[in-house]
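>>> Generate a structure from the sequence data that follows.
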Amino acid sequence: MNPTTSAIVYDPYDRGIDADPYPTYRRLRDEAPLFYNEEHDFFAVSRFDDVQRGLVDRETYSSARGAVLEFIKADIEFPPGIVIFEDPPQHTAHRGLLSRVFTPKKMEALEPKVREFCARALDPLVGAGGFDFVADLGAQMPMRTIGMLLGVPEADQEAARDRADASLRTEAGQPMDVEHMEIGQDDFFADYLDWRMANPSDDLMSELLFKEFEDETGTTRRLTRDEVLIYVAVLSGAGNETTNRLIGWMGKVLAEHPDQRRELVEDPSSIPNAVEELLRYEPPTPHVARYVTRDVELHGATVPAGSAMLCLSGSANRDERHYPDPDRFDIHRDIGQHLTFGYGIHYCLGANLARLEGRIAMDEVLKRFPEWEVDEEHAVRAPTSTVRGWDSLPVTIAS
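Numbers count the residues shown, from 1 in each chain. A predicted model of the protein is given here:
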């Protein structure tokens, strides 16, 4: 097979494809499981087994040049501390430091506060006739949660969220402008960090400042101030953006499946699996990129060393080779493994937190609003190439 002769058009920046990528994904899986986009010079894999292999085989598919296509193509050198853009041994040391914070036990302990943040967002909306899943909940609760974890004062949390959000914005149909990005140079959190250095507290920023760890050279030390700044900026962005998109999809998909929504109202014990199915069905992050370190044979063709590979997790999650009837949303599905949070050493550190937030958000929304309809005319999709979802998803509530 020669991937360059495929008649299928797949462009991650195409707004038409992005609106509903699943028919294109199906064609890729069936007709061009190794796809090459000549215009943007990248390869893509779309079947579950190929995407999973791309995520786990770090010797062949490296993260050291980034997990975003534009970063790999620009050949940017990243400062240490951007864990998702690292390979071992650096990644091992940095991830180990963060993994102590994001344990299931520590995340579950956040439940009362996350419920409080949901209640603060939703209670004023009861009786209003409608609300916006993104602006009123998705942009609020995750921001409060990650802000609380980091130790950012509530008065400044919106600014932190908006700054992270702006860094992912793209012009519709265009790649991200990475040439003018100052990777790792964000001093937004510097004042908070300096305050925490003098006034340690029970938050993630303090833990990063004072926790000792063994780095990739075998040296036991603390993180430098610049390293902590990078960690905090990365966590702030990741903690806001993807959960925001997940909550938007919650509003859209449950509105499209009212019978299953009614089941969840009647039996909330099904909510954790419903969140898992939502993550499979409409993943906020539809693809991740890798740098190919050596020639690799795939589907009868050679992907040369130095190539960029896009692993289409959104397609893998709908691969009929792995899931029966994958285009059907089913809150009772025995899901097993999906690839929304990645796989292998780069499995999302915040997965436990995202699941917790998704579960509580769904529960708290359904308690107050058992039925709603999406105002399609005024819904606005987010113009980003790295995440997929809604900037605004207004819904109407029957009185």
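>>> and the host helix or strand of L254, average pLDDT?
For L254, the element it lies in under DSSP states H and E is helix 225-256. Averaged across helix 225-256, pLDDT comes to 88.
>>> Stretch 260-276 now?
In this model, stretch 260-276 carries a mean pLDDT of 98.
>>> buried residues in that stretch?
By 16 or more other CB atoms under 10 Å, the buried positions in stretch 260-276 come out as 260-261, 264, 270-276. C-beta coordinates here come from the backbone N, C-alpha and C atoms, glycine included.
>>> Now distance to M205 and secondary structure too, for those, in TSV please.
Formatted as TSV, these follow (distance: CB to CB, whole Å; DSSP: H, G, I helix; E, B strand; the rest coil):
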residue	distance to M205	secondary structure
Q260	40	helix
R261	39	helix
L264	36	helix
S270	37	helix
I271	32	helix
P272	30	helix
N273	34	helix
A274	34	helix
V275	28	helix
E276	31	helix
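>>> What is the nearest of those residues to A44?
For those, the residue nearest A44 by CB to CB is E276; the value is 25.2 Å.
>>> Help me confirm that that closest one comes into contact with Q337.
No. At 10.4 Å, E276 and Q337 do not qualify as touching, with contact defined as CB atoms under 8 Å.
>>> residue ranges with poor pLDDT in the protein?
For the chain, applying pLDDT under 70 flags the ranges 1-6, 76-89, 91, 93-94, 160-186, 399.
>>> Work out which residue lies at the spatial centre of it.
By CA atoms, centre = their mean, the chain has its centre lying nearest to T242, at 4.0 Å.
>>> Now that one: closest residue in space that isn't a chain neighbour?
P284 (4.4 Å; CB to CB, 6 or more residues apart in numbering).
>>> count of residues packed around that neighbour?
23 (other CB atoms under 10 Å).
>>> And for the one 4 residues further on?
Using other CB under 10 Å as the criterion, V288 is surrounded by 24 other residues.
>>> Next, work out how far apart it and Y323 are.
Counting by CB to CB, to the nearest Å, the gap from V288 to Y323 is 20 Å.
>>> Please apply the same query to I271.
Using CB to CB, I271 is found at 21 Å from Y323.
>>> same check, this time on E59
Distance, E59 to Y323, by CB to CB: 28 Å.
>>> higher neighbour count, the two?
Neighbours were tallied for E59 and for Y323 using other CB under 10 Å; the higher tally belongs to Y323 (21 against 8).
>>> Let me see the contact set for the more buried one.
280, 317, 333, 335 (CB atoms under 8 Å, 6 or more residues apart in numbering).
>>> Please work out how many residues are found near the third one.
Read it as R333. For R333, using other CB under 10 Å, the count is 18.
>>> Can you tell me, leaving aside adjacent residues, what's nearest to it?
Per CB to CB, 6+ apart, closest to R333 is E277, 5.3 Å.
>>> Quick check: of the buried residues of stretch 260-276, which lies closest to S392?
In terms of CB to CB, no member of the buried residues of stretch 260-276 lies closer to S392 than R261, at 20.6 Å.
>>> For that closest one, which non-adjacent residue is spatially closest?
Nearest residue to R261, sequence neighbours excluded (CB to CB, 6+ apart): L254, at 4.4 Å.
>>> was I right about the one you found contacting R262?
No. Using CB under 8 Å, L254 is not in contact with R262, being 9.8 Å away.
>>> Backbone dihedrals for L34, please?
Backbone torsions of L34, given as degrees, to the nearest 10, read phi -120, psi 110.
>>> Look up which residues are beta-bridged to it.
Under DSSP bridges, the beta-bridge partners of L34 are V45.
>>> ok, how many other residues are close to it?
Using other CB under 10 Å, L34 has 24 neighbouring residues.
>>> I'd guessed it sits against T302; true?
No. Look at L34 against T302 with CB under 8 Å: they stay out of range, at 9.7 Å.
>>> Overlap of the contact sets of those two?
Common neighbours of L34 and T302 are not found (criterion: CB under 8 Å, 6+ apart).
>>> Let me see the ranges of the strands in the stretch 51-200 of the chain.
61-62, 130-132 (DSSP state E, counting those that start in this stretch).
>>> So which bits of the last one are buried?
This points to strand 130-132. Buried, per 16+ other CB under 10 Å, within strand 130-132: 131-132.
>>> contact partners of that strand?
By CB under 8 Å, 6+ apart, strand 130-132 touches 122, 125, 137, 369, 372, 375, 392-397.
>>> ok, 10 Å please
121-122, 124-125, 136-139, 248, 251, 365, 368-369, 372-373, 375, 378-380, 390-398 (CB atoms under 10 Å, 6 or more residues apart in numbering).
>>> What are the neighbouring residues in contact with the residue nearest to R333?
By CB under 10 Å, 6+ apart, the residues touching E277 are 253, 260, 270, 328-333, 335, 338.
>>> name the element it belongs to?
helix 271-281.
>>> Give me the angle between that helix and helix 225-256.
Angular relation of helix 271-281 and helix 225-256 on a 0 to 180 degree scale: 100 degrees, by axes from the mean of the first three to the mean of the last three CA atoms, to 10 degrees.
>>> still on that earlier bit, in helices only, show me the contacts of strand 130-132.
Counting by DSSP state H, the part of the contacts of strand 130-132 found in helices is 121-122, 248, 251, 365, 368.
>>> Can you say which of those are buried?
Buried, going by 16+ other CB under 10 Å: 121-122, 248, 251, 365, out of those.
>>> what's the farthest-apart pair in those?
Counting by CB to CB, the most remote pair of these is L122 and G248, 15.0 Å apart.
>>> Who are the contact partners of the residue lying closest to L353 once chain neighbours are set aside?
In space, and not counting its chain neighbours, L353 is closest to M107: 5.1 Å by CB to CB, 6+ apart. Contact analysis of M107 by CB under 10 Å, 6+ apart lists 101, 114, 145, 149, 350-357.
>>> Apply 7 Å and report the result again.
Contacts for M107 (CB atoms under 7 Å, 6 or more residues apart in numbering) come out as 352-353, 356.
>>> ok, the closest residue to P394 other than its chain neighbours to W390 distance?
Leaving aside its sequence neighbours, P394 sits nearest to D375 (CB to CB, 6+ apart; 4.2 Å). Distance check for D375 against W390: by CB to CB, it reads 12 Å.
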